[in-house]
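K.L.:
quick one, what's the 3D model for this:
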Amino acid sequence: MECDRLLLEAFSDGRFQDRYGEGSALWRLYGWRPHAISLGYSQDASAIDALKCQHEGIDVVRRPTGGRAVLHADEFTYSFFADSPEPNAELYRSVHEVIRLALLELGVDAEFCRSALLSRGSGRSSLPAACFSASARHELQVMGRKLVGSAQRRSGRALLQHGSLPLSARHGDLSDYIAVPETDCSGSMKQELLRKAVSLEEILPRCPGHNELAERLKDAAERHYGMRAAVLGSEEIDEVIHGPVPGRPLSRNP
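P.N.:
Next up is the predicted model:
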């Protein structure tokens with residue numbers, strides 16, 4: 001999360017564009033070790049049972065974007081950075097279109113959500129702290145269940161959007177760490193969360209690994225944007241964030 005925040009600053013003050021050119025954008029793809037729960041930028045931390053997380057080795061971090069809590073366990077995580085005057089909603093749709101194309105190559109026919117998903121009965125979710133308990137316009141769903149959850153943050157013209165693609169149903173375990181006075185309701189909360197969200201493991205006969213997903217996403221981005229994508233390593237990212245290491249040539253990928 002700190003790396004995403006620093007990269008947003010690098011786009012906001014022009015350091016990334018100075019190195020890689022105006023109009024360049026960045027996709028950052030990663031996983032989590034140890035597993036963690038991320039809170040939205042303004043979310044009340046008391047929504048999560050911090051002591052239980054600590055006891056079970058689950059980190060609790062805060063995202064630079066808004067939204068609700070997410071358990072990052074078996075998932076493929078992305079961040080997208082750009083310096084663009086386009087409206088947030090259009091960039092949101094465009095990023096998810098790239099992900100949709102990548103999923104289609106894997107045999108997953110995801111579609112855009114047209115409106116928010118609501119709970120049965122009262123229309124209000126019993127999991128107000130959980131990101132995957134609701135869907136927003138232009139998020140991706142399969143069989144009416146949310147597949148990709150994303151959030152955004154602007155800094156001037158610079159935009160950060162990041163999100164989660166669950167590989168297994170572990171995202172449903174978030175209900176085990178939500179602080180609620182009724183200790184016997186976590187089971188029903190988990191059922192609601194799993195009813196509203198889906199994972200690749202439930203859709204595909206074989207769940208792809210991170211490297212395969214990253215390659216599919218790279219290919220989809222090249223087709224969508226009509227340009228070649230250069231792969232940056234950790235050294236190039238460190239140079240953008242912290243400046244070049246003395247004595248090492250600058251990395252300048254196209």
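K.L.:
look up the pLDDT of residue 76 for me, please.
P.N.:
In this model, residue 76 is scored at 97, pLDDT.
K.L.:
excluding chain neighbours, what is closest to residue 85?
P.N.:
residue 157 (6.0 Å; C-beta to C-beta, 6 or more residues apart in numbering). (Glycine included, C-beta is placed from N, CA and C.)
K.L.:
in terms of helices and strands, where is residue 188?
P.N.:
helix 186-196 (DSSP states H and E).
K.L.:
give the buried residues for the helix or strand following that helix.
P.N.:
On the C-terminal side of helix 186-196, the nearest following helix or strand under DSSP H and E is helix 200-203. For helix 200-203, the buried set under the neighbour-count rule, 16 or more other C-beta atoms under 10 Å, comprises 200, 202, 203.
K.L.:
can you show me the strands along this structure?
P.N.:
Counting by DSSP state E, the segments of the chain that form strands are 25-30, 36-39, 59-62, 70-72, 75-83, 111-112, 140-142, 145-155, 158-166.
K.L.:
remind me, longest helix of the protein?
P.N.:
helix 88-105 (DSSP state H).
K.L.:
what mean pLDDT does that one get?
P.N.:
pLDDT averaged over helix 88-105 gives 96.
K.L.:
elements contacting that helix?
P.N.:
strand 75-83, strand 111-112, strand 140-142, strand 145-155, strand 158-166, helix 210-225 (3 or more C-beta pairs under 8 Å, 6 or more residues apart in numbering; DSSP states H and E).
K.L.:
burial measure for residue 210, as a count.
P.N.:
14 (other C-beta atoms under 10 Å).
K.L.:
next: residue 1.
P.N.:
By other C-beta under 10 Å, neighbour count at residue 1 equals 17.
K.L.:
could you find the closest non-adjacent residue to it?
P.N.:
Using C-beta to C-beta, 6+ apart, the nearest residue to residue 1 is residue 61, at 5.0 Å.
K.L.:
need the phi and psi values for residue 57.
P.N.:
Main-chain torsions, residue 57, degrees, to the nearest 10: phi 70, psi 30.
K.L.:
could I get the contacting residues of it?
P.N.:
Residue 57 sits next to 34, 35 when contact means C-beta atoms under 8 Å, 6 or more residues apart in numbering.
K.L.:
next one: the one 3 residues further on
P.N.:
With contact set as C-beta under 8 Å, 6+ apart, residue 60 has these partners: 36, 37, 38, 39, 45, 48, 50, 53.
K.L.:
and these, which of them are buried?
P.N.:
Looks like these have 36, 37, 38, 39, 48, 53 buried, using 16+ other C-beta under 10 Å.
K.L.:
closest to residue 240 among these?
P.N.:
Nearest to residue 240 among those, counting by C-beta to C-beta, is residue 38 at 22.5 Å.
K.L.:
OK, contacts around the closest one?
P.N.:
1, 60, 61, 62, 63, 69, 70, 72.
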